[in-house]
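Visitor: requesting a structural model of the entry that follows:
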Amino acid sequence: MMKNCYDRRRFDMFQLGNTGYSMTFENGHTVSVRWHKCIHYVTNRTLGPHTHDEMEAMATDSVNAEVAVIDATGEFVQTPFNESDTVIGWTRPDDVLKIMEWTAAL
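Guide: As a prediction, the model looks like this:
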């Protein structure tokens, strides 16, 4: 029987979801970046009431995001970016880049 040489990390390096995106690095660690209307660690998301158009805009645009680092086994990783939680909230673009660089270097 032929061995399956499918390496999930190499094929799923970029993933787009309905709440944001994820990037998996060669070391097997993933950075998850989320900002959908139902995410709590972003600005003005669950505060309401909102019109349908406002809710749709919140699904695609945000001034910050909720970020998490996940190891190759699927476990959330404690980072120096938030020492009290594995999720880093209200993250600006420059800080998302710092988290990605930190993760890629693990």
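Visitor: buried residues in the helix or strand that I88 is a member of, which are they?
Guide: For I88, the element it lies in under DSSP states H and E is strand 87-91. Neighbour-count burial for strand 87-91 flags 87-89, 91 (criterion: 16 or more other CB atoms under 10 Å). Placement of C-beta: from N, CA and C, glycine included.
Visitor: which parts of the chain are helices?
Guide: For the chain, the helices defined by DSSP state H occupy 8-11, 52-60, 93-104.
Visitor: picking that back up, quick one: strands adjacent to the strand holding I88?
Guide: strand 65-70 (antiparallel) (DSSP bridges).
Visitor: ok, residues contacting the strand it pairs with?
Guide: 20, 29-35, 39-42, 76-77, 79, 81, 86-91, 95-96, 99, 102-103 (CB atoms under 8 Å, 6 or more residues apart in numbering).
Visitor: need the buried ones from these selected in ChimeraX.
Guide: Filtering the contacts of strand 65-70 down to the buried ones (16+ other CB under 10 Å) takes a single ChimeraX command:
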select :20,29,30,31,32,33,34,35,39,41,42,79,81,87,88,89,91,96,99,102,103
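Visitor: comparing the helices of the chain, which gets the lowest mean pLDDT score?
Guide: Of all the helices of the chain, mean pLDDT reaches its minimum on helix 8-11 (a mean of 50).
Visitor: just checking, N82 touches D95?
Guide: No. Assessed by CB atoms under 8 Å, N82 is found out of contact with D95, at 10.4 Å.
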